[in-house]
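Visitor: generate coordinates for the sequence data below:
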Amino acid sequence: FGSKELLFSSDTIYANSYLILCSNTAIEAFSEYGNTLGLSNFSGLSNSGNSLKLLSANGEIIEEIVYSDTWYQSEEKSNGGWSLERIDPANTCSSQSNWSASVNEKGGTPGQVNSIRADYVDEESPKVVSFKLESENQLALEFGEVIDEATLLNPENYNIQSNALKEVTPISTQGVELQFENSFTDAEQMQLYISGIADECDNVLDTILDFVYHEIHEHDVVINEIMQMKAQHKDYQSMSISNCTIPKVIKFQLEDGSCKLEVKNCYFLQIQFMQILI
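Guide: Sure thing, here's the model as predicted:
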């Protein structure tokens, strides 16, 4: 694991059985849970993440995972003391979505069926969970699961008509930043065509995302700052908006989900800001 290589002694794992791997000094502690094999130089695994490979005697990769603490799907359990368990051992194409923290009261299930064992068959196409307009020629995309790297970084899988894609930059195993040659047209609805994006189980996404880019013009009012604060055991939220042009009297409505606030006769001076307590 990681950059370290650990060699097994001769042993047999029968069908539907388990073998617990640990350091030589921990054999006695784990042997009560099942068949246990001690390994020299087994220094333990990192909670935050590591790369693990199981190789045959001929050096062929039998199994490989690169896990991280996000796989726990629980901030509390990711701090330590809980095992990461595979939901469906028969599903070998899903990584993060097929793992979670143990729910066993002992913190794990060494040598036994995993506490979260269930059938997990991924037949759904990946979904876009975040789509952000970063600048006048940059977009950021995040998908809801790990994406096959070859399809994630393939520039042919992203297209805006009449605007060539200049660069695809990975943000994570689930996201990219797209930079285009030309600036987006102001106040015009545009479309990003996405095709051939595959998850680890070869489910493919083809979709179209609409967006509009707005340049800042004279008389425009923009959201400048958002903050939440506490005062005397009460929660307050505030938002600053600004008008960086000539003085102007306006009326506007602020919407926060299903909540609507009407603000009347706001007088903005040049380069002035107004704060609203919500």
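
Visitor: residue 79 and residue 107 touch, don't they?
Guide: No. Look at residue 79 against residue 107 with CB atoms under 8 Å: they stay out of range, at 12.0 Å. From N, CA and C alone the C-beta is placed, and that goes for glycine too.

Visitor: what pairs with the strand or helix carrying residue 52, and is each one parallel or antiparallel?
Guide: If you go by DSSP states H and E, residue 52 is part of strand 49-55. Using DSSP bridges, the strands paired with strand 49-55 are strand 61-68 (antiparallel).

Visitor: then the strand it pairs with to CSV, C-alphas only?
Guide: C-alpha atoms of strand 61-68 as CSV (Å, rounded to 0.1, in the frame of the first residue of the first chain):
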residue,chain,number,x,y,z
ILE,A,61,-3.3,-6.5,-10.3
ILE,A,62,-6.2,-8.4,-8.7
GLU,A,63,-7.8,-5.4,-7.0
GLU,A,64,-6.9,-1.7,-6.7
ILE,A,65,-8.6,1.1,-4.7
VAL,A,66,-7.5,4.7,-3.9
TYR,A,67,-9.7,5.7,-0.9
SER,A,68,-10.1,8.9,1.0
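
Visitor: ok, now how distant is residue 55 from residue 64?
Guide: 9 Å (CB to CB, to the nearest Å).

Visitor: residue 79 and residue 107: who's more crowded?
Guide: residue 107 (15 against 11; other CB atoms under 10 Å).

Visitor: is that one in a helix, a strand, or coil?
Guide: Put simply, residue 107 is coil when judged by DSSP: H, G, I helix; E, B strand; the rest coil.

Visitor: what's near enough to touch the residue nearest to it when sequence neighbours are not counted?
Guide: Nearest residue to residue 107, sequence neighbours excluded (CB to CB, 6 or more residues apart in numbering): residue 82, at 5.0 Å. Contacts for residue 82 (CB atoms under 8 Å, 6 or more residues apart in numbering) come out as 72, 74, 101, 102, 107, 108.

Visitor: which of the residues you listed are buried?
Guide: Using 16 or more other CB atoms under 10 Å as the burial test, the contacts of residue 82 include 72, 101, 102, 108 as buried.

Visitor: nearest to residue 193 among those residues?
Guide: residue 72 (35.8 Å; CB to CB).

Visitor: for the stretch 151-278 of the chain, what spans make up the strands?
Guide: For the stretch 151-278 of the chain, the strands defined by DSSP state E, counting those that start in this stretch occupy 158-159, 165-172, 175-180, 189-198, 204-212, 222-231, 234-243, 248-256, 259-268, 272-277.

Visitor: neighbours of the closest residue to residue 39 other than its chain neighbours, how many?
Guide: Closest residue to residue 39 in three dimensions, ignoring its sequence neighbours and counting by CB to CB, 6+ apart: residue 6, at 4.7 Å. Per other CB under 10 Å, the neighbour tally for residue 6 reads 12.

Visitor: what of the one 5 residues further on?
Guide: Using other CB under 10 Å, residue 11 is surrounded by 8 other residues.

Visitor: which residues touch it?
Guide: Here residue 11 is in contact with 19, 37 (criterion: CB under 8 Å, 6+ apart).

Visitor: where's it relative to residue 53, distance?
Guide: Residue 11 sits 18 Å away from residue 53, going by CB to CB.

Visitor: residue 114 and residue 145, how far apart?
Guide: Residue 114 is 20 Å from residue 145, where distance means CB to CB.

Visitor: you'd agree the residue nearest to residue 39 is up against residue 43?
Guide: No. In this structure residue 6 lies outside contact range of residue 43 using CB under 8 Å: 9.7 Å.

Visitor: which residues do these two both contact?
Guide: Counting by CB under 8 Å, 6+ apart, nothing touches both residue 6 and residue 43.

Visitor: residue 174: neighbour count?
Guide: 19.

Visitor: can you put the buried ones among the contacts of residue 82 in JSON lines and add secondary structure and distance to residue 221?
Guide: Output for the buried ones among the contacts of residue 82, formatted as JSON lines (DSSP: H, G, I helix; E, B strand; the rest coil; distance: CB to CB, whole Å):
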{"residue": "72", "secondary structure": "helix", "distance to residue 221": "43"}
{"residue": "101", "secondary structure": "strand", "distance to residue 221": "46"}
{"residue": "102", "secondary structure": "coil", "distance to residue 221": "51"}
{"residue": "108", "secondary structure": "coil", "distance to residue 221": "55"}
